[in-house]
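Visitor: I'll drop the sequence and a predicted model, then ask my questions.
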Number of protein chains: 2
Amino acid sequence: MRIGIFGYGNLGRGVETAIEKNEDATLVGIFTRRDPATIKTRFGAPVYHASRVKDFCDQIDVMILCGGSATDLITQTPELASLFNVVDSFDTHARIPEHFANVDKAAEAAGKVAVISCGWDPGMFSLLRVYSGAILPDGKDYTFWGKGVSQGHSDAIRRIEGVVDARQYTVPVEAALEAVRSGKNPELSTREKHTRECFVVAEEGADLARIEKEIKEMPNYFADYDTTVTFVTLDELRRDHAALPHGGFVIRSGETSDGNKQMIEYRLKLDSNPEFTGSVLVAVARAATRLAAKGEKGCKTIFDLPPAILSPESPESLRAHCL
Amino acid sequence: MRIGIFGYGNLGRGVETAIEKNEDATLVGIFTRRDPATIKTRFGAPVYHASRVKDFCDQIDVMILCGGSATDLITQTPELASLFNVVDSFDTHARIPEHFANVDKAAEAAGKVAVISCGWDPGMFSLLRVYSGAILPDGKDYTFWGKGVSQGHSDAIRRIEGVVDARQYTVPVEAALEAVRSGKNPELSTREKHTRECFVVAEEGADLARIEKEIKEMPNYFADYDTTVTFVTLDELRRDHAALPHGGFVIRSGETSDGNKQMIEYRLKLDSNPEFTGSVLVAVARAATRLAAKGEKGCKTIFDLPPAILSPESPESLRAHCL
């Protein structure tokens, strides 16, 4: 399959890296709104200005969109779905039905296949919630995130006056995880499930006490959590907190009859969040290409994709070796 | 969906129990080769002799086969696929391609949908191997089973002279699990992955040392494992080892680029193996019914089923609440 990457930040680089690991995938080009001459790619793929994307309709089987959800994907995915089969990892949960409808309309009209919201959450975690819910109707879902870097929370800290840079880790509370695993189906508050660890570089002479207070009291982001703030130097931040690890747990705990508890747990432990998300996107791009080749069109999610079509192996080989 | 159960042992009772938890499922009847008058069902469903199954073609949307793989399903699934949409949990891994071909031929000819080998292994564990392999092509799969009762190994012990009854637990070795989780991708021998714990009731006056030796040296079943044998009374066996717990782990550990390790772990912890397997079968029966209603036919596996069709929820609801 011939792939294009639209948008070249952390996720774009993650997709580029994932393509290197998939023998049936070729990267045709990277499209950016910046000046292509300023972009240094990881493996030397050609870079084009986003305005040229229309010229590539015959050369690309599937376009993987790597912009941000809030301002990029909400408009880019419908636009590009009128030109290409597309895959995105749109992750603004509340706006998924609206995004689905917009993308579906564009893809249907153009006869293209679009798959939205397929990273790991939304994506693989969502998938596990659907399978586990179908198997254990009498049960309860739990999702824990981390330990990992939340870009949104790191950005929120950076917007505070006197902050040079910051990195925020979301950390699942081990005691809460254990309570869930015990099958007790506990009711857990936001505070009981996760803590937030912040590493902050402040401007010289900044009021550290005020910065710490502003972080800890920030509504939605930190106020409902036990939050720790550690001030570090810029060198320390770059040395110790440059990576983008993440992960988490989706657990469904239920009963099939009185006293017979059943537990399903799915865990991701990721050294690189963008490279893993990119790897999911490439597998889904394979599925999108195959659906398009069968004449399907319109918007899909990972819930609509038969698992076999994500795999490079043949159905016969999967039955013989994986079943 | 109107369901029939064919075969009424532990698994048949597990399916019967799972149907109680699914509001859209109705149990039409249980079919057995024994005298129906001798069968006491868990929730009072009608029981019919297997020879009468043909009379129910118009009353049953999907038949769930609950016989053993070796002697029952290998012939029953193709036979019943010519009359009904069918679902089975055929688990003789080596014969899956042959079974698939036989069932496919019968189901295609009759215009029915058949889904084979869908419990948890084969079934959910297989599914996780396919998804994880598609996402992390540069990686290694590990499957651990237990702690749980292996019926096959318990039966093997029962065939030894002087043994009245036995229960065998397969136990994953914690150190091996931890080595896998560390991302080291170790090569693990059979002995390093699992131990086997046997609880054995011997005839009065039997030569316990001989029985223990015969167990520990039994090829394929025990010789390659660290096996412990504990002799117990029949009362103790019934009191402490009556349940059928099981579970296990499917782990894929891989790299997306140099040094960036990614780990996917799926774990089941089951108080009742047959009730969980039954629950998977009922969810898959829903999918089979839906595919049949769309005019599809032939043999499928869980790899071919879009996840959404296993769920009782609508696609809109899944996108709004699970994605």
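Guide: Yep, it's here.
Visitor: pretty sure A:Thr92 sits against A:Thr71.
Guide: No. A:Thr92 is not in contact with A:Thr71 according to C-beta atoms under 8 Å; the separation is 10.5 Å. Where you see a C-beta, it was placed from the backbone N, CA and C, and this is true even at glycine.
Visitor: looking at those two, which is more packed in?
Guide: A:Thr92 (15 against 9; other C-beta atoms under 10 Å in any protein chain shown).
Visitor: close to chain B: what parts of the stretch 101-250 of chain A are there?
Guide: With C-beta under 8 Å from any C-beta of the partner chain as the criterion, the stretch 101-250 of chain A meets chain B at residues A:117, A:122, A:124, A:126-127, A:129-131, A:133-138, A:181.
Visitor: tell me where the stretch 101-250 of chain A has strands.
Guide: Along the stretch 101-250 of chain A, the segments classed as strands by DSSP state E, counting those that start in this stretch run A:113-115, A:139-145, A:148-149, A:163-172, A:194-202, A:226-231, A:246-257.
Visitor: just these: most buried one?
Guide: strand A:113-115 (a mean of 28; mean count of other C-beta atoms under 10 Å in any protein chain shown).
Visitor: who does that strand touch, helix- and strand-wise?
Guide: strand A:86-87, helix A:96-110, helix A:273-293, strand A:298-300 (3 or more C-beta pairs under 8 Å, 6 or more residues apart in numbering or on different chains; DSSP states H and E).
Visitor: anything in the shortest one near chain B?
Guide: No. Using C-beta under 8 Å from any C-beta, strand A:86-87 stays clear of chain B, coming no nearer than 13.4 Å.
Visitor: out of the residues of the stretch 101-250 of chain A next to chain B, who's nearest B:Ala25?
Guide: Closest approach between these and B:Ala25, by C-beta to C-beta: A:Pro137, at 9.8 Å.
Visitor: for the residue nearest the centre of chain A, give me the pLDDT.
Guide: The centre of chain A sits closest to A:Gly119, judged by C-alpha atoms, centre = their mean, with a distance of 3.9 Å. At A:Gly119, the model reports a pLDDT of 96.
Visitor: can you check A:Lys184 too?
Guide: As predicted, A:Lys184 sits at a pLDDT of 89.
Visitor: next one: A:Ile160
Guide: 96.
Visitor: run the angle between the worst-scoring helix or strand of chain A on mean pLDDT and strand A:246-257 for me.
Guide: Ranking every helix and strand in chain A by mean pLDDT, DSSP states H and E puts helix A:151-158 at the bottom, with a mean of 93. Taking axes from the mean of the first three to the mean of the last three C-alpha atoms, to 10 degrees, one finds that helix A:151-158 is oriented at 130 degrees with respect to strand A:246-257.
Visitor: of all the residues in helix A:151-158, which ones are buried?
Guide: A:151, A:153-154, A:156-157 (16 or more other C-beta atoms under 10 Å in any protein chain shown).
Visitor: which residues touch it?
Guide: Under the criterion C-beta atoms under 8 Å, 6 or more residues apart in numbering or on different chains, residues A:163, A:165-168, A:170, A:196, A:198, A:200, A:215, A:218, A:221-222, A:244 lie in contact with helix A:151-158.
Visitor: what count of nearby residues applies to the closest residue to A:Cys322 other than its chain neighbours?
Guide: Excluding the flanking residues, the one nearest A:Cys322 by C-beta to C-beta, 6 or more residues apart in numbering or on different chains is B:Arg129, at 4.6 Å. Residues within reach of B:Arg129, counting by other C-beta under 10 Å, total 25.
Visitor: next one: A:Pro186
Guide: Neighbours of A:Pro186 using other C-beta under 10 Å come to 14.
Visitor: so it sits against A:Ala179, correct?
Guide: Yes. If you go by C-beta under 8 Å, A:Pro186 and A:Ala179 touch, sitting 4.7 Å apart.
Visitor: near the residue lying closest to A:Val149 once chain neighbours are set aside, how many other residues are there?
Guide: In this structure, A:Val149 finds its nearest non-sequential neighbour in A:Leu244, 5.2 Å apart by C-beta to C-beta, 6+ apart. When neighbours are defined as other C-beta under 10 Å, A:Leu244 has 21 of them.
Visitor: please spell out the ChimeraX selection for the buried subset of the residues of the stretch 101-250 of chain A next to chain B.
Guide: Buried residues within these, by 16+ other C-beta under 10 Å, are selected in ChimeraX with:
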select /A:117,122,124,126,127,129,130,131,133,134,135,136,137,181
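Visitor: correct me, but A:Phe303 touches B:Ala308?
Guide: Yes. If you go by C-beta under 8 Å, A:Phe303 and B:Ala308 touch, sitting 4.0 Å apart.
Visitor: name the residues contacting each of the two.
Guide: In contact with both A:Phe303 and B:Ala308: A:130, B:315, B:318, using C-beta under 8 Å, 6+ apart.
Visitor: contacting residues for A:Asp104?
Guide: Contacts of A:Asp104 by C-beta under 8 Å, 6+ apart are A:114, A:298-299.
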